[in-house]
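>>> build me a structure from this.
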Amino acid sequence: MRAWLQFSAVLLTLCGGTAVFAQSAWIPDRPIEIVIPSGPGSGTDLIGRHVQNILSSRKLVPTAVLVSNKAGGGGALGLNYLNQYPANGHYLYVTSPTLLTSYITGTTTVNYTDLTPVAQLFNEYVVVAVGAGSKIRDARMLMDMLIKDPSSVSIGLATALGNANHIAIASAYRAAGGDPKRLKIVVFKSGAEGMTATLGGHVDVNVIGAIAAIPFLQDKKLRVLAITSPKRQSGALSAVPTFMEQGIDSSSGQWRGLIGPRGMTDAQTAYWDQVLTKFVALPEWIQVLENNVWESTFLRSTESRKFLDADYKELRAVLGSLGLAR
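Numbering: from 1, shown residues only. Below you'll find the model as predicted:
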């Protein structure tokens, strides 16, 4: 009898443990909402809708997937909306370095530590370009000119100080030994306006997203001095050297990822780890990356948190060197 009671107790414990394990799993039981911190038609909106379409068409989640645009306040409106749903795995927010830079510069009061990292998806790199007839031959020559006299070269970028384009050129110049605050920066309302100014000789250098430069590079209207990627890219940009190849220890990217509200559970992040691992391997997503010259940098939730920790430190240092950190 004693043996039977001991066996029954063990069996009950095992069954109970199984029940607890089953209860710890999580799957969505209502629509997923992808929050986009910009208006319809923007680059971030495009990313969010690609994610929505693939999750839905491939039935990677058991519920509907919706998109909501929450533009305003440098991302503050979207972040505040997201955190109205703490510990809720049904909400995902398309994020970028703006999440970090807006907090560092004081535009928002919500930091990445107030949220739940879900995944890193890809990097979009920046190029430094000049008109085809420019005397500036390469990035090394550009840095030497800037070290000698920062005011001798005008640098155009869109659309604001402290953004990914500004950080890209500032990081390279800082790595070369210069003071980024001394750079002669001209801010344009759009990338197209900055490109027109560069081709017309109104600014010496243009810092712009890689994909925007490709048509002008192919038409031989533009010479690309460097790309901010850690290694040389393929395709239309295969002939473009990195800063590192030219002796300048700098790389940066306009990364994109997904975050959730504060307090998401381990079960919820584990669910999204599983789903997004499948997502990034799908041919539809791989084609999206290729079409937009985006480089996959997929990281799951835990690794994404470590990435954000490191990038926050780096961005605070760069923005501090620009006098933009609060």
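
>>> so Ala119 lies in a helix, does it not?
No - secondary structure of Ala119, determined by DSSP: H, G, I helix; E, B strand; the rest coil: strand, with no helix assignment.

>>> quick check, it in contact with Trp255.
No - shown here, Ala119 and Trp255 do not form a contact pair, counting by C-beta atoms under 8 Å, at 10.9 Å. (C-beta placed from N, C-alpha, C; glycine too.)

>>> dump the residue contacts of the residue lying closest to Met264 once chain neighbours are set aside.
Counting by C-beta to C-beta, 6 or more residues apart in numbering, the nearest residue to Met264 once its immediate chain neighbours are dropped is Thr116, at 3.9 Å. The contact partners of Thr116, taken as C-beta atoms under 8 Å, 6 or more residues apart in numbering, are Ile259, Gly260, Pro261, Arg262, Gly263, Met264, Gln268, Thr269, Ser301.

>>> what is the neighbour count of the second one?
So that's Gly260. When neighbours are defined as other C-beta atoms under 10 Å, Gly260 has 27 of them.

>>> separation between it and Phe188?
34 Å (C-beta to C-beta, to the nearest Å).

>>> ok so, going back, so the residue nearest to Met264 bridges to which residues?
According to DSSP bridges, the residues that bridge with Thr116 are Gly260.

>>> and the pLDDT for it?
At Thr116, the model reports a pLDDT of 98.

>>> try Met1
In this model, Met1 carries a pLDDT of 38.

>>> just how off-centre is stretch 253-263 within its chain?
8 Å (C-alpha atoms, centre = their mean, to the nearest Å).

>>> what does stretch 32-47 give?
A distance of 13 Å separates the centroid of the chain from that of stretch 32-47, by C-alpha atoms, centre = their mean.

>>> avg pLDDT for it?
Model confidence over stretch 32-47 averages 94 on the pLDDT scale.

>>> and His202, how many residues sit next to it?
Neighbour count for His202, taken as other C-beta under 10 Å: 13.

>>> brain fart, Pro261
Pro261 has 24 neighbours, counted by other C-beta under 10 Å.

>>> now swap in Ala267 and tell me
By other C-beta under 10 Å, the residues close to Ala267 number 13.

>>> so where's the stretch 1-150 of the chain uncertain?
Across the stretch 1-150 of the chain, residues meeting the criterion (pLDDT under 70) sit at 1-24.

>>> now do the strands in it.
Secondary structure of the stretch 1-150 of the chain, counting by DSSP state E, counting those that start in this stretch: strands at 32-36, 65-69, 91-95, 116-124, 126-131.

>>> JSON lines for those strands, including distance to Leu222?
Supplementary listing: these in JSON lines, determined by distance: least, C-beta to C-beta, whole Å:
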{"stretch": "strand 32-36", "distance to Leu222": "31"}
{"stretch": "strand 65-69", "distance to Leu222": "33"}
{"stretch": "strand 91-95", "distance to Leu222": "30"}
{"stretch": "strand 116-124", "distance to Leu222": "18"}
{"stretch": "strand 126-131", "distance to Leu222": "5"}
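
>>> nearest to Val280, out of these?
strand 116-124 (7.1 Å; C-beta to C-beta).

>>> between that closest one and strand 91-95, how big is the angle?
What separates the directions of strand 116-124 and strand 91-95 is an angle of 30 degrees, with axes from the mean of the first three to the mean of the last three C-alpha atoms, to 10 degrees.

>>> from now on call the first residue 275
In the new count, where the first residue is 275, that last one comes out as strand 390-398.

>>> would you mind writing the CA trace of strand 390-398 as PDB?
What follows is the C-alpha trace of strand 390-398 in PDB, where atoms were taken according to Å, rounded to 0.1, in the frame of the first residue of the first chain:
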ATOM      1  CA  THR A 390      10.100  44.000 -24.600                       C
ATOM      2  CA  PRO A 391      12.600  43.300 -27.500                       C
ATOM      3  CA  VAL A 392      11.100  40.700 -29.800                       C
ATOM      4  CA  ALA A 393      13.400  40.400 -32.800                       C
ATOM      5  CA  GLN A 394      16.000  42.200 -35.000                       C
ATOM      6  CA  LEU A 395      15.100  41.700 -38.700                       C
ATOM      7  CA  PHE A 396      17.600  43.400 -41.000                       C
ATOM      8  CA  ASN A 397      20.000  46.300 -41.700                       C
ATOM      9  CA  GLU A 398      19.600  49.000 -44.300                       C
END
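
>>> before I go, just wanted to say thanks for your time.
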